[in-house]
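In: how does the following fold in three dimensions:
(chains A and B)
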Amino acid sequence: MTIITFTLILLAGAYLAGLVGSLTGLGGGVVVIPLLTLVFHVDIRYAIGAALLASIANSSGAASAYIKEGITNIRLGMFLEIATTVGAVGGAIIAVYTPTNTIAILFGAILLFSAAMTLRKKNMEALTEGSTLSYKLKLNSSYPTKDGEVEYKLKNVGAGFSIMTLAGVLSGLLGIGSGALKVLAMDSAMHIPFKVSTTTSNFMIGVTAAASAVVYLQRGYMDPGIAFPVMLGVLGGAFTGSKLLTRMDPKVLKYIFCVAITFVAAEMIFNGYNHKF
Amino acid sequence: MKKILSKAFTADQDIEKLIGYLLRYGVITASLIVFIGGLIYLHQYQHNGVPAYHTFVGEQAGYTTISEIFSGVGSFNAKGIIQLGVLVLIATPILRIFFSLIGFILEKDRLYILITFVVLSVMLFSIFGGLKV
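Out: Have a look, this model is predicted:
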């Protein structure tokens, strides 16, 4: 295979990863790792480097649109970023001492969890009474809906912060955005309306990924020959995905992709278990 | 209540819009650099086979430090140019925190100046803390 063929196939694959990641809400990074390792037999460390770049590109690209609409809760995002960045740096440190097969198994498990999370019932209710800490930290806010501005309050700040730290560690260790865990912290623990938690989570992913990306860049995880098609492909795919999302409700597609991702996750765990990484 | 807050509120909104633009243009700039570098890469390496990506080389492959990347860009090396795009992409969210910090300073929100400062410090520690090993 020539380098041009390889690049073009990788570009097409990354485009598909960005599209699937955007339609399922899992993010492009999560799909890039199995694509590179299982299909292209790339070392998982290069895959992690590329996935981090895909996560940052996705997050920054989409966040600008959400901020304009006023859905993202910037204070909440900034407060929780203390947890995710400290976690991400910790994860990047642990990564050196973690065998690649263990990383692959862990990745498969998180992928299974994330796929299940996309199918759960979403929190649409806005709390009217928040916890003491939520007032002290000025985390309560409002967001625009079809029926005008809706005020929301939140609770379980400590629990949310703890889950965010774990999300950060996994993000640093596996090179993914950990969007599913971030939404779990905000949606299930802190009772934030679904729209706010997804957009704020997406906003945070870029910062969290950047915290470990600087370490991985210095370690040589980011190979230019892989970074270039992956970055451009994932961005293109995510862009197409966001256009498709405004025109249709991809419920059926979402189920199909989630089943497919379950198989991919099983393959990652199986290969990791058999020391193939 | 809302009227009293409205002045601070607009400052807040403006800085948020600015952050939105920053993120978007950061990604666009990074993609353009990577795209140009990518074309040169394909041209410079077109007769080479696909590198052995199944074995991890790490730092020895080069272009892992800012000085290496810039000297690569200076000598018009494709890998150096792509890595510069990568650098711009990673820098975008970090710059974002910096702008948020300015926003909170303008609002005189002491608590969030502190919180943002902590996040920025973690980032700087990650860059300069010598964590690469």
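In: show me what from the stretch 101-250 of chain A comes close to chain B.
Out: Where proximity means CB under 8 Å from any CB of the partner chain, the interface of the stretch 101-250 of chain A facing chain B comprises A:137-138, A:206-207, A:209-215, A:217-229, A:231-232, A:235. The C-beta positions use only the backbone N, C-alpha and C, and glycine is treated the same way.
In: which residue ranges of chain A form strands?
Out: Counting by DSSP state E, one finds strands in chain A at the ranges A:141-145, A:148-152.
In: what helices and strands are in contact with the first one?
Out: Read it as strand A:141-145. The elements that strand A:141-145 packs onto, with contact taken as 3 or more CB pairs under 8 Å, 6 or more residues apart in numbering or on different chains; DSSP states H and E, are strand A:148-152, helix A:194-218.
In: could you double-check that residue A:138 lies in contact with residue B:111?
Out: Yes - judged on CB atoms under 8 Å, residue A:138 makes contact with residue B:111 at a distance of 7.0 Å.
In: my read: residue A:217 touches residue B:64, true?
Out: Yes - with the criterion set as CB under 8 Å, residue A:217 and residue B:64 qualify as a contacting pair; they are 6.3 Å apart.
In: these two - which one has more neighbours?
Out: For the pair residue A:217 and residue B:64, the greater number of neighbours falls to residue A:217 (25 against 19), based on other CB atoms under 10 Å in any protein chain shown.
In: re the thing from before, which of the residues of the stretch 101-250 of chain A next to chain B count as buried?
Out: Burial of those was assessed by neighbour count (16 or more other CB atoms under 10 Å in any protein chain shown); the buried members are A:137, A:206-207, A:209-215, A:217-229, A:231-232, A:235.
In: residue nearest the middle of chain A, spatially speaking?
Out: Among the residues of chain A, the smallest C-alpha distance to the mean C-alpha position (CA atoms, centre = their mean) belongs to residue A:177, namely 2.9 Å.
In: before we move on, what about chain B?
Out: Among the residues of chain B, residue B:91 comes closest to the average C-alpha position under CA atoms, centre = their mean, at 1.4 Å.
In: that one and residue A:59, how far apart?
Out: Look at residue B:91 and residue A:59: by CB to CB, to the nearest Å, they are 14 Å apart.
In: which parts of chain B are helices?
Out: B:2-44, B:66-74, B:78-107, B:110-128 (DSSP state H).
In: now tabulate the ones you listed in a markdown table and tack on distance to chain A and mean pLDDT.
Out: Conversion of those to a markdown table gives the following (distance: least, CB to the nearest CB, whole Å; pLDDT from 0 to 100):
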| stretch | distance to chain A | mean pLDDT |
| --- | --- | --- |
| helix B:2-44 | 4 | 79 |
| helix B:66-74 | 9 | 88 |
| helix B:78-107 | 4 | 92 |
| helix B:110-128 | 4 | 94 |
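In: so who does the residue nearest to the centre of chain A touch?
Out: Under the criterion of CB atoms under 8 Å, 6 or more residues apart in numbering or on different chains, the contact list for residue A:177 reads A:27, A:29-30, A:55, A:58-59, A:171, A:205, A:208-209.
In: list just the nearest of those residues to residue A:257.
Out: Using CB to CB, residue A:30 is the member of the contacts of residue A:177 that lies nearest residue A:257, at 11.3 Å.
In: where are the low-confidence patches of the stretch 101-250 of chain A?
Out: Across the stretch 101-250 of chain A, residues meeting the criterion (pLDDT under 70) sit at A:249-250.
In: which stretches in it count as helices?
Out: Taking DSSP state H, counting those that start in this stretch to define them, one finds helices in the stretch 101-250 of chain A at A:132-136, A:157-174, A:179-183, A:194-218, A:224-247.
In: out of the ones you listed, which is closest to residue A:104?
Out: Residue A:104 sits nearest to helix A:157-174 of all these, at 9.3 Å, using CB to CB.
In: got the CA positions of the closest one in CSV?
Out: This file holds the C-alpha atoms of helix A:157-174, laid out as CSV (Å, rounded to 0.1, in the frame of the first residue of the first chain):
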residue,chain,number,x,y,z
VAL,A,157,-22.4,19.1,43.7
GLY,A,158,-19.9,16.9,45.5
ALA,A,159,-21.0,13.7,43.8
GLY,A,160,-20.9,15.4,40.4
PHE,A,161,-17.4,16.7,41.1
SER,A,162,-16.2,13.2,42.1
ILE,A,163,-17.6,11.5,38.9
MET,A,164,-16.0,14.3,36.9
THR,A,165,-12.6,13.5,38.4
LEU,A,166,-13.1,9.9,37.3
ALA,A,167,-14.1,11.1,33.9
GLY,A,168,-10.9,13.1,33.7
VAL,A,169,-8.7,10.1,34.7
LEU,A,170,-10.3,7.9,32.0
SER,A,171,-10.0,10.7,29.5
GLY,A,172,-6.3,11.1,30.2
LEU,A,173,-5.7,7.3,30.3
LEU,A,174,-7.7,6.4,27.2
